[in-house]
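>>> predicted model and sequence below, questions to follow.
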Amino acid sequence: MSATLKLIREGVGMELRRGTFDVLVDGRSVGSIERHDAVEVPIDPGRHTVRIRAGRYSSQDHSFEASDGETVTFRLHGAMMWPRYVASILKPDLAISLRRE
């Protein structure tokens, strides 16, 4: 059997980092996600790491455990406040917010 990783790209307000974001699971690209979109990625049960990337900008790595038949959901969005947007120029892994639901 397998598990599912569900990603929802939705935030309140305007994203300052726009465009298509790449989805990486365990360091490998498994697809992409557009603004106001949701994607589901089949994954093997076990421990995984997810990261969202847009060019040199990214989220921080998030580790999670998935069981057989489980759906693990994360919500993400690009930087939405100017201080975070500016900080991401120096620290690119602040550019995209990724949070487990």
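That came through fine. Numbering: from 1, shown residues only.

>>> alpha carbons only for contacts and neighbour counts from here, please
Fine.

>>> burial count for residue 53?
21 (other C-alpha atoms under 10 Å).

>>> wait, it sits on residue 22?
Yes - applying C-alpha atoms under 8 Å, one finds residue 53 in contact with residue 22, separated by 5.1 Å.

>>> bridged to the residue nearest in space to the middle of the chain, which residues?
The structure's the chain has its C-alpha centroid closest to residue 52; by C-alpha atoms, centre = their mean the separation is 3.9 Å. Note on residue 52: beta-bridge partners residue 23, judged by DSSP bridges.

>>> correct me if wrong: it contacts residue 27.
No - Residue 52 is beyond contact range of residue 27, at 10.1 Å (criterion: C-alpha under 8 Å).

>>> where does the protein have low pLDDT?
Scanning the chain for pLDDT under 70 picks out nothing.

>>> how about the strands in it?
Along the chain, counting by DSSP state E, strands occupy 3-9, 21-25, 28-33, 37-43, 46-54, 57-58, 62-66, 71-78, 96-100.

>>> looking at the ones you listed, which is closest to residue 15?
strand 71-78 (5.2 Å; C-alpha to C-alpha).

>>> quick one: the closest one to chain centroid distance?
6 Å (C-alpha atoms, centre = their mean, to the nearest Å).

>>> list the contacts of residue 81.
residue 16 (C-alpha atoms under 8 Å, 6 or more residues apart in numbering).
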